[in-house]
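Q: coords please:
(chains A and B)
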There are 2 protein chains.
Amino acid sequence: LKAQIVIIGDELLVGRIQDTNTQVIAKWLGAQGFELTQVTITSDRPESLLHCLTKALEGSDLVLTTGGLGPTEDDITKQIIAKLAGTKLEKNEEAIRLAKLHYGRIDKDWNQQTNSYHLIPQGVEPILNPAGLAPGLSLAKDGKLLLSAPGVPRELKAMLEGPFIELLERHFPKRINDHQVMTIRTFGTPEEKIFFEMMPNLWQELSHEGKVSSLPQILGVDIHLSFRGSPQDQMAMTEKWQQRLKGSPLEEHIWSYEFKSIEEVVLEKAREKDLKIALAESCTGGLVANRLTNISGSSSHFKGGVVAYANEVKQGVLKVKEDSLREYGAVSEVVATEMAEGVLNVLQSDVSLSLTGIAGPGGGSEHKPVGTVCIGTASNKLAEAKTYLYRGDRAFLKRRFSEVGLHRLRKIIENS
Amino acid sequence: LKAQIVIIGDELLVGRIQDTNTQVIAKWLGAQGFELTQVTITSDRPESLLHCLTKALEGSDLVLTTGGLGPTEDDITKQIIAKLAGTKLEKNEEAIRLAKLHYGRIDKDWNQQTNSYHLIPQGVEPILNPAGLAPGLSLAKDGKLLLSAPGVPRELKAMLEGPFIELLERHFPKRINDHQVMTIRTFGTPEEKIFFEMMPNLWQELSHEGKVSSLPQILGVDIHLSFRGSPQDQMAMTEKWQQRLKGSPLEEHIWSYEFKSIEEVVLEKAREKDLKIALAESCTGGLVANRLTNISGSSSHFKGGVVAYANEVKQGVLKVKEDSLREYGAVSEVVATEMAEGVLNVLQSDVSLSLTGIAGPGGGSEHKPVGTVCIGTASNKLAEAKTYLYRGDRAFLKRRFSEVGLHRLRKIIENS
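A: Below you'll find the predicted structure:
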């Protein structure tokens, strides 16, 4: 079963907002047994939208649109779907019921003067929006299904989790999801080195099992293998390749056979060993703490952190020595080590990570250019620090520093 | 001048990665005087890609592709562009020069066994990649231009900033950017209320000036007006509407007439009043600190923060009273107030913000459900806290909490 996504919104085409819906819908479609073949972002001009929807329906069993369902004049999805269905907007009793329900949730009366939520194209079904006011739409036509959801990410998610699954059950009851993926996540070695020096036959060997792809990440490379099979086949495949790569030059670079984030892996390992984590962040400014606390359940093994942006905070809270700051500077291995030790003590934890560096664009010098970071780790056995140098803009450097930091944290937890 | 983007990559279609390139290219195209009419994400299957590129070129003056230029077998962009140009891959002297240059930067010799960077379609120009190994491509055909960049965000950015601008200068020397936008950023009132209750004529009035659109954000609504004109016209338009909305019911909800983030506005206001900011974060786990430190120059007025995830950290570092924690619980206005006061003192700052709440999915109770957050603020004049309740998943709640927190911080800085 093939699917396409059509995202409606000038906001994306002028670059004012970052689309996050595509990834959410793409994952959902995969889990529902659909192959997503194309995503189109189009403007809210009627002719472009009608053209896109017509083309998308030609090549697929399911088309999902987001955006353009709100109450303002730039919301034209309903009008275009009416054209597509060859019908007109009309008063719809179910839509009125939903409008009253949606407004009831926010303790308001629905007022048809301020929106036209009661008007729905003939032949189109209005769909409950569990998290907002504008209803979704469903149009079944020639064995195909067109689903429309609002563009607000939270409302879209709520529709995907409930009403849209019911519609798929009704229209595609026999679909199965036999699409499996094995992911080999590696760290610290480039794509070319893996496939042409370390493991020159790896790509070909993997190709016997399914479709291979390789994706350089911010630090490291993900190797993905897609194949058809059951969840049991997936486990057997992972087992087989773990065995196959044991003792290979790639082994020491592999940190996961699942598509988990480094922060999830760090917290899992901390849980296994029952170690409490503390952070002292300067240049990453809370990014590492934020990444760890994005994982639910992180509170059991993450105690907290200090964002020591100013030197007074490094001294006052983390007990970094004034002499060290003066003699070596804030971006130094000595200070990074003292920060890691300091936060370990102040937050009474078992392992700690510290980062002090220059994310730019200002603040660099000849000896310590923008992109320099000193990363410290401490446990009750050992405190130490290393210096790294990367290139990139501020956002990228913060991300990259946090990535190396989390891998350092993984290592000291593994060795604790 | 019209443009389209074609993004190549199965990774996006299975939802494994979040696309961030579209927004970067969209902004760039706008600044270069192009109107972006469509974005297509397609798989790396040869027939789909060839079809997409052909269609995209039909309707535009410029097509920009990303992805599929690397050294592995799933990188097929070069082959498809050769088909499009009706030619074949051949050894290219400029490509060899670039390969040697790119590898020289990482202190390696280029080795044509491990990649085919020397092979380029006839009639296609290889383009310097300032931040990576794979060259970009440029194909001029029938007055149109097709540019291909790698999908790695950092490499793409480097190509947009340098080599691609030069190519635009050469191929479209007469282009001008007369596209202007005015943005009215509002907070704390829904779209419907603005346009149908508060300001029923606003949409129509704005429509006389250009194209209006309205975009609900995580908290608040952005109203955008796009029109043709010079940067002077843009300033005059903003001035006119600031006057027009003065004294209107919308005025108190407007926090910016520019497309700035709330963290930028907070730091600007802190700079104006020369106030130092400190943060005490529990449930947001470093997100607010991370957002502030994403802004370059933030170090001048952001001193730092404490991520007080565990109660021991609230007590030990922030000096929250044990009695308050026991009597009112960690998620309470009393504790939020003490956290704000504590971090103000410990970090010796002028204003502070604290957040303590329940981001879920666990940890909620009948009296304090998931989505509850107590937000405290402190200055040398006053410390206080308020409780808010939102709905959503963990990531959304963290985001929403941080957003309200930053607006609270803006308010206390304005009133300081």
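Q: would A:L267 count as being in a strand?
A: No - assignment of A:L267 by DSSP: H, G, I helix; E, B strand; the rest coil gives helix, placing it outside any strand.
Q: and stretch A:171-191, does that touch chain B?
A: Yes - shown here: stretch A:171-191 in contact with chain B (Cβ under 8 Å from any Cβ of the partner chain) through A:V181, A:E191. All C-beta atoms are positioned from the backbone trio N, CA, C, and that covers glycine.
Q: before we move on, what about stretch A:16-27?
A: Yes - shown here: stretch A:16-27 in contact with chain B (Cβ under 8 Å from any Cβ) through A:R16, A:I17, A:Q18, A:D19, A:T20, A:T22, A:Q23, A:V24, A:I25, A:A26, A:K27.
Q: then that stretch to PDB, C-alphas only?
A: Extracted in PDB, the C-alpha atoms of stretch A:16-27 (Å, rounded to 0.1, in the frame of the first residue of the first chain):
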ATOM      1  CA  ARG A  16       9.300  30.900   8.700                       C
ATOM      2  CA  ILE A  17       8.700  27.600  10.400                       C
ATOM      3  CA  GLN A  18      10.400  24.300  10.700                       C
ATOM      4  CA  ASP A  19       8.200  21.400   9.600                       C
ATOM      5  CA  THR A  20       8.100  18.600  12.200                       C
ATOM      6  CA  ASN A  21       4.900  16.900  11.000                       C
ATOM      7  CA  THR A  22       6.500  15.000   8.100                       C
ATOM      8  CA  GLN A  23       8.600  12.900  10.400                       C
ATOM      9  CA  VAL A  24       5.700  12.100  12.700                       C
ATOM     10  CA  ILE A  25       3.400  11.100   9.800                       C
ATOM     11  CA  ALA A  26       6.200   9.100   8.100                       C
ATOM     12  CA  LYS A  27       6.800   7.000  11.200                       C
END
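Q: returning to what we had before: please, a ChimeraX command that selects the buried ones among the residues of stretch A:16-27 next to chain B?
A: Paste this into ChimeraX to select the buried members of those, with burial taken from 16 or more other Cβ atoms under 10 Å in any protein chain shown:
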select /A:16,19,22,23,24,25,26
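Q: is chain B contacted by stretch A:333-346?
A: Yes - using Cβ under 8 Å from any Cβ, stretch A:333-346 comes into contact with chain B via A:V346.
Q: which parts of that stretch are buried?
A: A:333-344, A:346.
Q: distance from the chain centre to stretch A:237-257, please.
A: Computed by Cα atoms, centre = their mean, to the nearest Å, the chain-centroid distance of stretch A:237-257 equals 25 Å.
Q: okay if I get the residues of stretch A:16-27 next to chain B as CSV plus pLDDT, distance to A:K2 and secondary structure?
A: Shown next, in CSV, are those (pLDDT from 0 to 100; distance: Cβ to Cβ, whole Å; DSSP: H, G, I helix; E, B strand; the rest coil):
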residue, pLDDT, distance to A:K2, secondary structure
A:R16, 88, 31, coil
A:I17, 88, 28, coil
A:Q18, 90, 27, coil
A:D19, 92, 21, coil
A:T20, 92, 23, coil
A:T22, 96, 16, helix
A:Q23, 96, 19, helix
A:V24, 96, 19, helix
A:I25, 97, 14, helix
A:A26, 96, 13, helix
A:K27, 93, 17, helix
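Q: still on that earlier bit, from the buried residues of stretch A:333-346, which land in helices?
A: A:333-344, A:346 (DSSP state H).
Q: from the residues of stretch A:16-27 next to chain B, pick the one nearest A:G67.
A: Of all the residues of stretch A:16-27 next to chain B, A:G67 sits closest to A:D19, with 10.0 Å by Cβ to Cβ.
Q: what is the burial count for the residue nearest to that closest one when sequence neighbours are not counted?
A: Excluding its sequence neighbours, the residue lying closest to A:D19 (Cβ to Cβ, 6 or more residues apart in numbering or on different chains) is A:L12, at 5.3 Å. For A:L12, the neighbour count with other Cβ atoms under 10 Å in any protein chain shown is 24.
Q: okay, and A:L12 sits in which element?
A: Following DSSP states H and E, one finds A:L12 within helix A:10-13.
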